[in-house]
Structures are given as structure tokens and as C-alpha cells.
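> Kindly return the folded structure for what I paste below:
(one chain, ligands or ions: 1)
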Amino acid sequence: MSSTKNLAIVGAQWGDEGKGKIVDLLARNFRIVARFQGGHNAGHTVIVDGSQFVLHLIPSGILHPGVVCVIGNGVVIDPAALFAELDLLSEQGIDTEDRILISDRAHLVLPYHRDLEKLAETRRGVNRIGTTSQGIGPSYEDKISRHGIRIGDVVGAISTSRLKAAVRGNVEACNRLIEADEDSEEWSAVLDTVVRLGPRLAPMVTDVSTYLDNAMRTGKSILFEGAQGAMLDVDHGTYPYVTSSNSTTGGICTGLGVGPRAINGVLGIVKAYTTRVGAGPFPTELVEGVGDQLRVFGSEFGATTGRPRRCGWFDSVIARHAVRVNGIDSLALTKLDVLDEFEEIYICTGYKCGGSILTSPPANIDQLASCVPEYEAIPGWCNEAKTSGIQNDKELPSAARYYLKRVEELTGVPISIVSTGAERSETIIRSGSLVAPWLT
Ligand code: IMP
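Sure thing, here's the model as predicted:
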């Protein structure tokens with residue numbers, strides 16, 4: 001049993017719940033922040049003293065000096081994206097030297113993965129997933145098909161015949177599929193790029209599982225940072241409209257090489273309403289009117305792709321599902337202030353589906369798409385007071401407190417943190433909450 005106190009932070013909707021802000025808020029109380037899945041499809045926005053940082057691959061703990069940021073084997077890494085992010089952070093005055101560790105078992109995302117993704121999305125036609133076009137899915141496909149290229153293949157034993165054969169095989173297979181000479185990659189050029197990555201990557205590369213094991217044995221605490229959200233998990237989300245990794249807590253063990261007892265608490269992040277980017281069923285989506293208002297009030301545009309996010313009311317059916325599949329102990333609810341202008345707010349309590357009421361999302365995607373949400377109306381607080389910027393629970397308007405209470409009752413877990421604005425300071429840490437041990 002681990003003697004340290006490690007916390008997992010995971011998205012409990014379709015991503016973009018505001019995990020970046022919450023990780024940043026808690027990170028100073030940890031020695032290590034570790035990403036376990038996804039890639040640069042993620043976009044975590046953190047605002048500190050008016051300056052905005054958008055992180056894609058690098059854990060949000062990087063903004064705190066002294067915190068070591070780990071990228072696990074479960075993450076797929078586009079070195080070009082990684083280097084661009086490192087350069088941008090350095091321009092913004094953040095020192096990343098000796099603070100980033102990358103697993104030697106993590107797979108690479110290379111240019112041909114983006115070509116393959118473009119092809120796959122085109123072939124899907126009207127059924128396209130609406131991916132982030134970063135090559136994430138094809139990189140995971142290579143990993144599962146057992147012909148992916150790992151960081152450890154590039155660092156150290158460079159220019160081996162195995163690496164050459166792997167790059168050549170992958171690029172030629174890609175070119176056969178895309179059947180378009182003008183877009184095809186030259187395998188030797190890709191090999192060249194891959195080989196040139198080695199020296200810059202090398203100082204960051206390590207055996208992450210062993211590093212984390214030693215860290216825990218010497219009492220260092222770890223914050224496990226999830227990307228995307230439960231409904232985008234390849235097993236537990238709205239398959240096939242999902243990402244290609246396990247964004248739920250199960251992914252921590254496989255994506256970092258730690259045992260299940262390394263996770264001492266799980267904090268799920270939900271927005272006060274629901275959003276989704278890309279295609280796929282979204283039962284509480286509001287196509288116009290309130291949906292547009294939520295998008296404007298909440299600045300709901302993707303941090304990675306800039307795409308407008310689809311918006312709708314809070315869905316306790318999916319939140320309960322996320323609580324169950326992740327083992328969530330407590331929630332952080334973000335963007336409460338976005339609801340400040342509404343006279344009436346709705347929470348989905350169940351789905352009407354084929355004559356019955358469902359309280360958990362069905363696996364069949366067509367069945368989910370046919371579900372009609374059952375709503376509970378809750379009075380808004382627009383005539384009472386705003387929640388924007390409030391830092392103390394007691395100052396919240398009573399209707400907002402009632403809203404939080406209903407979310408707690410419907411999801412079955414307490415709310416530990418409430419975010420009332422984009423700044424670090426615009427946050428309520430509720431007394432006696434799960435996160436209290438991580439704040440002392
Ligand atoms: P992919 O991860 O790029 O393959 O995209 C698969 C689905 O996950 C698409 O619907 C994307 O919009 C969605 N997605 C991937 N990453 C994120 C994220 O960080 N936030 C929200 N949606 C995401």
C-alpha cells in the first residue's frame with residue numbers, strides 16, 4: 001500500500017470541463033503531475049494573473065516551479081507539438097528545464113498519422129467522428145496493431161535496422177492507403193526526422209513506472225491528470241464517437257505503470273452545464289437559443305481546434321455514469337458563473353427511451369440518440385446575485401447553493417470545489433471536502 005496521498009483528476013463529461021484550471025490550482029501541493037493518456041488533442045487552458053497558457057501535451061502542473069511533469073506510456077506524443085509547446089512556454093517565461101519526464105514506452109505521432117486520419121474521416125462521410133485531426137487515433141491504431149514506433153526506439157539505439165524497417169513499413173502502408181502521390185510521405189525523410197528527434201528528446205526520457213515507484217517509496221505525492229472525459233473514453237463513452245484511449249481512471253494504471261492502490265482519491269470535473277465538440281449523440285444539447293447563450297457566456301470554443309462547442313443543460317445521467325466508471329469520490333464543478341443570467345435552469349434526471357426511463361446511458365448509439373431527456377427545473381439566481389468571482393461558499397446566492405445541492409443528490413457525490421471564473425483565485429474550496437488533505 002502506498003504511504004503517499006495521490007489524487008486523480010478526470011473529466012466527467014465530454015472533455016473541456018476545466019481540468020486544466022483545477023490541476024493548476026492543486027498542483028502546488030504535489031511533487032509530481034502525471035499525464036496517462038491522450039495526446040495533443042487535449043487543450044487545457046489556465047489563466048494566471050491575466051496571462052493565458054494553453055497546454056496540450058505537457059501537464060498543467062508545469063506552471064508551478066518545482067513540480068515535475070511526467071508523460072506516461074499511455075500518452076501518444078507528437079514531438080513537433082511537444083517541442084512547439086516547450087518553446088512557447090519558455091517564451092512565456094516558464095522554466096521547463098529538468099522538469100519534464102517522458103516514458104520510453106510512449107508511442108510517437110508522426111506526419112503519416114495525420115494523413116491516415118484525414119483519409120479515415122473522409123471515408124466515414126456523414127458518419128465522421130469530428131476528430132481533432134492531430135493523428136491521435138492512427139497512432140493508437142499502430143500501437144494496438146503492434147507496429148507503432150516508441151520513444152525508446154528513437155532515443156539511444158537510433159538508426160538501427162529495426163527502426164528503419166518500421167518507419168519504411170508504416171510510411172509505405174500509409175501511402176498505399178492514401179493512393180495520392182502528391183500527399184504521400186517519403187519514408188527516408190520521415191526516418192530522417194525521427195532520427196533527428198533523438199538528441200532533444202533524450203534528456204527527458206526515462207522508465208516512468210520505475211521513476212514513479214521510487215517517488216512513491218520516498219513519500220512524494222502524485223497528481224494524475226486526465227485528458228478528455230468519461231464520455232469520450234474508448235470503452236465507456238459514446239462509442240464510436242469517442243477518442244482512442246481510456247480517459248477514465250483505469251487508464252492511470254496502464255498508462256503510467258502504477259498499481260491501483262497508487263490512486264488514493266478521485267476528483268471528477270464537471271461543468272455546471274454540458275458541452276461536446278465533434279459528432280455523436282448529446283441528449284441535452286440545445287441547438288439554438290439557450291445553447292447559443294451558453295456558448296457565448298461560456299466562450300465555448302475548442303482550445304485545440306477553435307471549433308464552436310455544442311452546449312446543453314447539465315446531464316446527471318452521464319455524470320452518474322462517470323462517477324461509477326471512475327470511482328469518483330467528489331466533484332469539482334466549474335463555470336457556475338456562466339449560469340448567472342438565466343431565470344430558470346434545468347438538470348436532466350433521466351432519459352425517456354422506448355416507453356421506459358433510463359438512469360444510465362445505453363451502449364447502443366442509436367438508442368442513445370433517440371433518448372429524450374427528463375428535466376427538473378431549478379430557479380435561477382439572476383435576480384438574487386451573481387456568482388462570478390465568488391471565493392466563499394457562504395456568499396453564493398441561495399438558489400445557486402440549491403443547484404449545487406441537487407447536483408450532489410443526483411450524482412451521489414459531494415462537490416469539493418466550485419469555480420466561479422477563469423482566474424485561479426475565482427474558486428471556492430468547500431470546507432471538509434475531499435481535496436482538503438491536498439491543500440495543507
Ligand atoms: P480525437 O481524440 O482527435 O481522435 O477525436 C475524437 C473525439 O474526441 C472528437 O469528438 C473530438 O472532438 C473529441 N476530443 C478529443 N480531445 C478532446 C478534448 O480535449 N476536449 C474535447 N473533446 C475532445
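
> CA atoms for contacts and neighbours, from now on please.
Fine.

> Need the contact partners of the longest strand that the chain contains.
Within the chain, and with DSSP state E defining each element, the longest strand by residue count is strand 344-353. The contact list for strand 344-353, computed with Cα atoms under 8 Å, 6 or more residues apart in numbering, reads 284, 313-317, 339, 357-360, 367, 370-380, 410.

> same check, this time on stretch 115-129
130-131, 133-135, 137-138, 174, 177-178, 183, 240-242, 278-280.

> Mind doing that once more with 6 Å?
Stretch 115-129 has contacts (Cα atoms under 6 Å, 6 or more residues apart in numbering) with 135, 241, 279.

> picking up where we left off before, got a PyMOL select line for the buried ones in the contacts of strand 344-353?
Selecting only the buried entries of these in PyMOL, with 16 or more other Cα atoms under 10 Å as the criterion:
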select buried, resi 284+313+314+315+316+317+339+358+359+360+371+372+373+374+375+378+380+410
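
> Would you mark the buried spots in the helix or strand of the chain with the lowest mean pLDDT?
Least confident helix or strand of the chain, by mean pLDDT, DSSP states H and E, is strand 44-48 with a mean of 86. The neighbour-count check on strand 44-48 (16+ other Cα under 10 Å) flags 44, 45, 46, 47 as buried.

> ok, now stretch 384-394?
Result for stretch 384-394 [16+ other Cα under 10 Å]: buried residues 385, 386, 387, 388, 389, 390, 391, 393.

> what's the answer for stretch 293-303, then?
Under 16+ other Cα under 10 Å, the buried positions of stretch 293-303 are 293, 294, 295, 298, 300, 301, 302, 303.

> from these, which ones fall inside helices?
293, 294, 295 (DSSP state H).

> how near is the first one to residue 226?
Plainly put, residue 293 is 28 Å away from residue 226 if you go by Cα to Cα, to the nearest Å.

> what does residue 336 give?
Taking Cα to Cα, one finds residue 336 at 21 Å from residue 226.

> between these two, who's got more neighbours?
Neighbours per residue (other Cα atoms under 10 Å) separate residue 336 from residue 226, with residue 226 holding more: 30 against 22.

> From what I see, the more buried one and residue 10 are in contact.
Yes. Between residue 226 and residue 10 there is a contact under Cα atoms under 6 Å: 4.7 Å.

> for residue 9, what are its contacts?
With contact taken as Cα under 6 Å, 6+ apart, residue 9 is in contact with 225, 226, 267, 268.

> As CSV, the buried residues of stretch 293-303 with pLDDT and distance to the ligand would be great.
CSV is the format used below for these (pLDDT from 0 to 100; distance: Cα to the nearest ligand atom, whole Å):
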residue, pLDDT, distance to the ligand
293, 97, 19
294, 97, 16
295, 97, 14
298, 97, 15
300, 96, 11
301, 93, 10
302, 86, 7
303, 80, 8
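
> Format these as a markdown table; extra columns: distance to residue 105.
Below are those laid out as a markdown table (distance: Cα to Cα, whole Å):
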| residue | distance to residue 105 |
| --- | --- |
| 293 | 44 |
| 294 | 41 |
| 295 | 39 |
| 298 | 38 |
| 300 | 35 |
| 301 | 33 |
| 302 | 29 |
| 303 | 27 |
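
> Name the SS class of residue 425, please.
coil (DSSP: H, G, I helix; E, B strand; the rest coil).

> Over to residue 385?
Classification of residue 385 using three-state DSSP returns coil.

> Tell me both backbone torsions, phi and psi, for it.
Backbone geometry at residue 385, expressed as degrees, to the nearest 10, gives phi -170, psi 170.

> Next up, the contacts around it.
Taking Cα under 6 Å, 6+ apart, we find residue 385 in contact with residue 397.

> Which members of the buried residues of stretch 384-394 additionally contact the ligand?
With Cα under 6 Å from any ligand atom as the criterion, the buried residues of stretch 384-394 include none near the ligand.
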